[in-house]
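Chemist: Let's see this in three dimensions:
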Amino acid sequence: MLLRLFALTVLCVSTQVLAAPSAPVLPKVGIASPDGSLAVEVTTDNDGRPSYAVLRGGKPVITPSRLGFIFLDVPKFERNFVIARHSESSFDQSWEQPWGERRRIRNHYNELRVTLKEKTAPKRSIDVVFRVYDDGLGFRYEFPKQPGLEQVRIGSELTEFNIAEPATAWWIPAGEWNREEYLYHRTPLQEVGDAQTPITLRTDNGLHLSIHEAALVDYAGMNLTRIEGRKLRADLTPGIGDGKVVRNAPFNTPWRTLQVSDDAGGLVTSSLILNLNEPNTLGDVSWVKPMKYVGVWWEMHLDRKTWASGPKHGATNQNVMKHIDFAARHGFGGVLVEGWNVGWDGDWFGNGEDFSFTQPYPDFDIEKLAAYAKSRNVRLIGHHETSGNAAHYESQMDAAFDLYQRLGINAVKTGYVADAGQAKVMGLAGKVHYAWHEGQDMARHHLKVVTEAAKRHIAVNPHEPIKDTGLRRTYPNWISREGARGMEFSAWGVPGNPPEHEANLVFTRLLAGPMDYTPGIFGMKTRAPDGVATTWAKQLALYVVIYSPIQMAADLLENYEKNPGPFKFIEDVPVDWDETRVLNGEVGDYVTIVRKDRNSDDWYLGSVSDEEARELQAPLSFLQPGRKYVAQIYRDGDKADWKRAPQDIVIEERSVTSADTLTLRLAPGGGQAIRFVAR
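Modeler: Residues are numbered from 1 along each chain as shown. The predicted structure is shown next:
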């Protein structure tokens, strides 16, 4: 897993710097992607308002859209600009992920750097940098240090995305109490309100778009607000002081990203977000271990056990040792234990002041259990629920990570359960303030957690997190996160996740990065009115469809012990991949994904549907030509249905080659999982 950055080809050529003539307005400047299919143009109008536009095949995708900022203490960057100069360059490099959906990634783009300068005093300037790929683009603002703008206090970012054609949008609301944990709306673009990113669009002519951001560092997370027609404007998450963002120049904003594809699958296989992040800064990260795990978790959501101490306490020595033994027998790498530490007995939701991150409850012997797990080639996975109290967590974080390092606990799940806007951070003046989960101060906090954990060789998996923007490339111990409506919603007394939910996530939330969705549920009856709204075969397929380098076998151990047949797929399926392809898919309806194991010649297929029964064709051309494979198939039975017969599953084998095409029959709420074993 050592990250080996290598250049298959490196090309940094054709750099031009063009000075503006004395005329008040420079003609528009632009650049195309390496294959010429995608182009961006930048111009200013007669009032000096800068804008950009995006074309694909010569047709508008983004019509002229504004650029700029409103500041709190100096005049805005919005008009009175000229293009003072611009430069062009090209870049082509391939690099290797230490873990991921694919091993090798090509980073190939053409770059346009545009310097905007005010026509009149004080003649401030700002650079806007565009990187244009064949499948999308990213652009960011670069603030130089200059008189009158040494410290930048941003009130609003004026970046716009003016969608050229009518479109359908898949989105979740921004600024609401439950953070990112909402079901996706599917509406006409004109009905979008305040939306989080990624937001996914399909234009009426079939073009698929995703708007998001990359490399969110020391800045506020970007939401989108529809202001008129099909025009979306950046809406930065509020801060805790006199600005949504306060930075000392020079600095760069995150990249604003647009992914473009003819089909939905092209959004999934794009590496745009990762490529716009900086390379690994941690050096040798062979200590980051992708793995499957079980945990003391689902039983609490079913109300069989409690996080708090008492007669139903889940994190006991006996219960944890049972999970360790199970993990060891079945080749799993970790055991997550929630509710192990003092602080769960009081009013912990949105408070967190009573949590200790080093003191276990009396019935949880952390020293003994960590040693026992290690003796069985398993590791405890730590748990730090902060209740959104980042300030309290930071006061104990060093001691907590030191404890984990000493005990050999090399991964931690963090949590920030608090209503949106009710996280707590320490301000620069030493006072605790309420904050938004995706504000600038929480962006700083999460990066601090990740970098401090890295010093102790600990991987981090935050829940109720800040959004994923590809920083796992720079910090490979940021191994996964939640950041969406997870499986636990199907355990509670509220309506659970509907059958379309996972087919929405693949083309929306998962475009940002890995998600710890916690699949693998066989016990379909829960406290939720409809239980878990999938078939067993679909639960297996989710291990391939929903990418994460850590995957939980989330159900009660007894349900796996009673059903060794379907559980065999969970035992076998890897979590680290050499290659990923999307065979078919439509947003919110269905998807079929195949992935090649990084450590063998085997391939794995996962296919899931929404509430509709479907019959999909799966050409096996991804297999090595001339080689035979045994297809180990886990499919919906003839009577399978998420409502009436979710457990109806057929397990069978057949011999296949790359010349074959399989017909995948998916039940309502169903799926299919296949392991292709190379002979």
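
Chemist: C-alpha from now on. contacts and neighbour counts both.
Modeler: Fine.

Chemist: can you give me the helices in the protein?
Modeler: Using DSSP state H, the helices found in the chain span residues 264-269, 272-275, 298-301, 317-330, 366-375, 390-407, 440-455, 501-505, 536-545, 557-562, 564-572.

Chemist: C-alpha coordinates for the second one, CSV please?
Modeler: The C-alpha coordinates for helix 272-275 follow below in CSV (Å, rounded to 0.1, in the frame of the first residue of the first chain):
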residue,chain,number,x,y,z
LEU,A,272,-11.7,14.7,-11.6
ILE,A,273,-12.2,15.4,-7.9
LEU,A,274,-9.1,13.3,-6.9
ASN,A,275,-6.9,14.9,-9.6
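
Chemist: if we can go back for a sec, hey, which of the helices of the chain is tucked in deepest?
Modeler: Counting by mean count of other C-alpha atoms under 10 Å, helix 536-545 has the highest mean neighbour count of the helices of the chain, with a mean of 29.

Chemist: which one of the helices of the chain lies closest to G523?
Modeler: helix 557-562 (6.6 Å; C-alpha to C-alpha).

Chemist: circling back to that earlier point, next, format the helices of the chain as CSV and append mean pLDDT and distance to G352.
Modeler: Formatted as CSV, the helices of the chain follow (pLDDT from 0 to 100; distance: least, C-alpha to C-alpha, whole Å):
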stretch, mean pLDDT, distance to G352
helix 264-269, 98, 37
helix 272-275, 98, 33
helix 298-301, 98, 19
helix 317-330, 98, 24
helix 366-375, 98, 21
helix 390-407, 98, 7
helix 440-455, 98, 16
helix 501-505, 98, 30
helix 536-545, 99, 33
helix 557-562, 98, 30
helix 564-572, 98, 35
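
Chemist: Export those to a markdown table and append columns for distance to R186.
Modeler: Below are the helices of the chain laid out as a markdown table (distance: least, C-alpha to C-alpha, whole Å):
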| stretch | distance to R186 |
| --- | --- |
| helix 264-269 | 15 |
| helix 272-275 | 24 |
| helix 298-301 | 29 |
| helix 317-330 | 40 |
| helix 366-375 | 46 |
| helix 390-407 | 34 |
| helix 440-455 | 29 |
| helix 501-505 | 10 |
| helix 536-545 | 21 |
| helix 557-562 | 35 |
| helix 564-572 | 32 |
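
Chemist: how about low-confidence regions in this protein?
Modeler: For the chain, the stretches with pLDDT under 70 are 1-26.

Chemist: Report the separation between P75 and L407.
Modeler: To L407, P75 is 55 Å away according to C-alpha to C-alpha, to the nearest Å.

Chemist: now swap in G637 and tell me
Modeler: 46 Å.

Chemist: List the residues that contact the spatially most central residue of the chain.
Modeler: Central residue of the chain (C-alpha atoms, centre = their mean): G513, 2.9 Å from the mean position. Taking C-alpha atoms under 8 Å, 6 or more residues apart in numbering, we find G513 in contact with D468, T469, G470, S480.

Chemist: Between the residues you listed, which sits nearest Y219?
Modeler: T469 (12.1 Å).

Chemist: who's in contact with that closest one?
Modeler: E213, A214, A215, L216, I273, L274, A512, G513.

Chemist: Name the nearest residue to it, sequence neighbours excluded.
Modeler: Using C-alpha to C-alpha, 6 or more residues apart in numbering and skipping the chain neighbours, the partner closest in space to T469 is A214 (4.4 Å).

Chemist: tally of neighbours for the one you found?
Modeler: For A214, the neighbour count with other C-alpha atoms under 10 Å is 25.

Chemist: Then R49?
Modeler: 18.

Chemist: can I assume it is in contact with I83?
Modeler: No. R49 lies out of contact with I83 (C-alpha atoms under 8 Å); the separation is 10.4 Å.

Chemist: quick one: stretch 266-275 to chain centroid distance?
Modeler: 12 Å (C-alpha atoms, centre = their mean, to the nearest Å).

Chemist: quick one: terminal-to-terminal distance for that stretch?
Modeler: 16 Å.

Chemist: Need the residues that contact that stretch.
Modeler: So stretch 266-275 is contacted by 105, 107, 133, 135-138, 208-210, 213-214, 257, 259-261, 469-473, 506-507, 510-512, 580-582 (C-alpha under 8 Å, 6+ apart).

Chemist: Go again with 6 Å.
Modeler: N107, A214, G470 (C-alpha atoms under 6 Å, 6 or more residues apart in numbering).

Chemist: taking those one by one, which sit in strands?
Modeler: N107, A214 (DSSP state E).

Chemist: Closest one to V320 out of the contacts of stretch 266-275, please.
Modeler: The nearest member of the contacts of stretch 266-275 to V320, counting by C-alpha to C-alpha, is G470 at 33.6 Å.

Chemist: How about the contacts made by that closest one?
Modeler: A214, I273, L274.

Chemist: Please tabulate those residues in a markdown table, including the columns distance to N563.
Modeler: Converted to a markdown table, the contacts of G470 look like this (distance: C-alpha to C-alpha, whole Å):
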| residue | distance to N563 |
| --- | --- |
| A214 | 42 |
| I273 | 39 |
| L274 | 39 |
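
Chemist: roughly how far apart are A164 and R56?
Modeler: From A164 to R56 the distance is 11 Å (C-alpha to C-alpha).

Chemist: Report the two of the contacts of G513 separated the most.
Modeler: Pairwise over those, using C-alpha to C-alpha, the maximum falls at T469 and S480, 11.5 Å.

Chemist: Closest one of the contacts of G470 to D92?
Modeler: When the contacts of G470 are compared for distance to D92 (C-alpha to C-alpha), L274 wins out at 14.5 Å.

Chemist: what's the spacing between that closest one and G513?
Modeler: In terms of C-alpha to C-alpha, L274 sits 9 Å off from G513.

Chemist: can you check V650 too?
Modeler: In terms of C-alpha to C-alpha, V650 sits 32 Å off from G513.
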